[in-house]
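Trainee: Fold the following.
(one chain, ligands or ions: 1)
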Amino acid sequence: MSSNELNSYEDIVNLAAQALNRAIIIKTSKVGCAIKMKDGTIFQGFNIESRGYPILHAEIVTILSAIRAGYNKNDYEAIAIAYEFKGNYPACACCRQFLWEHTNPNLIVISVCLETKEVNGYTLETLYPLPFPVEQAKTTLNKELSLNVVDKEQVSKEDLNGK
Ligand SMILES: [Zn+2]
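Mentor: Numbers count the residues shown, from 1 in each chain. Down below sits the predicted model:
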């Protein structure tokens, strides 16, 4: 994304950096997020860790707020993710899959490195071109399960006939 396009998301870039201060961390480092809906509503979130699992990443905490408020997949416009370590990290692989399943391919994902002040933006589709096909996997699993049930019935009938 060009810096002009990114400038139009300055609000969520700053709100993500602000949200980072509320992160509850034990093992990793602070991450803050702000997500902008197409109607202009903004939700903030941050990572929340526990001594056991699961660790809740900032992206997931933020999107859960939007889902609870009643928003749907196509209502999301952009998410900014702010962190204190060096490098360009627009969401981990787990969060990219989560974003794919609960938002839309046109979502703009903005990484905000507070250490270097570097800001980069991508569409989710560009960032995550080969998502795990959850619906397809579910269908295949159901077919396999029903085949197994049929096989078991046949085996048990043959067993009974033989006895
Ligand atoms: Zn993550």
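
Trainee: Up against the ion, what does this protein have?
Mentor: H57, C92, C95 (CB under 5 Å from the ion). To be clear about C-beta, it is placed using only N, CA and C from the backbone, and glycine gets the same treatment.

Trainee: quick one: contacts for the second one?
Mentor: Residues touching C92, when contacts are defined by CB atoms under 8 Å, 6 or more residues apart in numbering, comprise H57.

Trainee: repeat for the first one
Mentor: Taking CB under 8 Å, 6+ apart as the contact definition, H57 lies against V31, N47, C92, C94, C95.

Trainee: would you turn these into a markdown table with pLDDT?
Mentor: Converted to a markdown table, the contacts of H57 look like this (pLDDT from 0 to 100):
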| residue | pLDDT |
| --- | --- |
| V31 | 98 |
| N47 | 97 |
| C92 | 95 |
| C94 | 94 |
| C95 | 97 |
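
Trainee: Only the C-alpha atoms, please, for stretch 113-121, written as PDB.
Mentor: Listed next in PDB are the C-alpha coordinates belonging to stretch 113-121 (Å, rounded to 0.1, in the frame of the first residue of the first chain):
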ATOM      1  CA  CYS A 113       6.500  -1.400  14.400                       C
ATOM      2  CA  LEU A 114       6.800   1.100  17.300                       C
ATOM      3  CA  GLU A 115      10.500   0.400  17.600                       C
ATOM      4  CA  THR A 116      11.400   1.600  14.000                       C
ATOM      5  CA  LYS A 117       8.100   3.600  13.400                       C
ATOM      6  CA  GLU A 118       7.700   1.600  10.200                       C
ATOM      7  CA  VAL A 119       4.100   1.100   9.000                       C
ATOM      8  CA  ASN A 120       3.100  -1.400   6.200                       C
ATOM      9  CA  GLY A 121      -0.300  -2.300   4.800                       C
END
